[in-house]
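Asker: whatever this is, show me its structure:
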Amino acid sequence: MSGKAAMIKLIVGAGKAAPAPPVGPALGSKGVKAIDFCKEFNARTAHYQPGTPIPCVLNVKADRTFTFEMKSPPTSWLLMQAAGVSQGAGKAGHENVGEISLKHIYEIAKIKKTDERHKDVDLKSVVGAVLSTAEAVGITVVP
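Answerer: Presented below is the predicted three-dimensional model:
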């Protein structure tokens with residue numbers, strides 16, 4: 001890497017980071033040792049169920065050092081796990097693939113609230129966003 005800072009966005013399974021594709025090539029092209037990232041990432045995601053998709057943003061500095069921020073799993077993935085389905089609806093809003101309770105929505109909103117970008121947003125707004133995502137995925141919410 002020629003003296004420039006870079007940002008890399010990845011989605012890696014919890015505990016599954018390895019220097020193999022897609023992680024290795026993405027980091028190697030920026031001059032970062034993938035094994036260093038993988039060890040740290042796997043240690044930080046040890047409390048998640050293995051394979052849970054974790055969005056991650058790496059900031060690579062010009063001297064090839066890096067920092068990274070992990071976010072909570074995608075809302076749609078959390079909803080599908082709660083509903084026990086493996087795939088969302090083919091037609092958003094027209095098909096129903098499963099149902100979950102309002103309690104699930106609230107718990108998912110609490111998980112999403114831990115993200116840096118949601119820390120200043122009130123929980124009611126986060127719940128609304130989760131409800132919208134549930135509708136788009138084809139999951140019905142029952143009281």
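Asker: ends of stretch 37-51, what's the gap?
Answerer: 17 Å (Cα to Cα, to the nearest Å).
Asker: buried ones in the longest helix along the chain?
Answerer: When the chain is parsed with DSSP state H, its longest helix is helix 123-137. Buried residues in helix 123-137, counted by 16 or more other Cβ atoms under 10 Å: 126-127, 130-131, 133-134, 137. C-betas here are computed from N, CA, C, even on glycine.
Asker: again with stretch 73-90
Answerer: Here stretch 73-90 shows 73-75, 77-83, 85, 88-89 as buried, counting by 16+ other Cβ under 10 Å.
Asker: so who does the spatially most central residue of the chain touch?
Answerer: Nearest to the mean C-alpha position of the chain, counting by Cα atoms, centre = their mean, stands residue 73 at 3.0 Å. Counting by Cβ atoms under 8 Å, 6 or more residues apart in numbering, residue 73 makes contact with 48, 52-55, 111.
Asker: and those residues, which is closest to residue 34?
Answerer: Nearest to residue 34 among the contacts of residue 73: residue 54, at 16.1 Å, using Cβ to Cβ.
Asker: tell me where the protein is predicted with low confidence.
Answerer: 1-3 (pLDDT under 70).
Asker: okay, now the domains of it?
Answerer: Following automatic domain parsing, one finds the domains of the chain at 6-70, 75-142.
Asker: how long is the shortest one from one end to the other?
Answerer: Meaning domain 6-70. OK, domain 6-70 end separation, Cα to Cα: 17 Å.
Asker: run the chain-centre distance for that domain.
Answerer: 13 Å (Cα atoms, centre = their mean, to the nearest Å).
Asker: cool, the last one as well?
Answerer: The offset between the C-alpha centroid of domain 75-142 and the centroid of the whole chain comes to 13 Å, using Cα atoms, centre = their mean.
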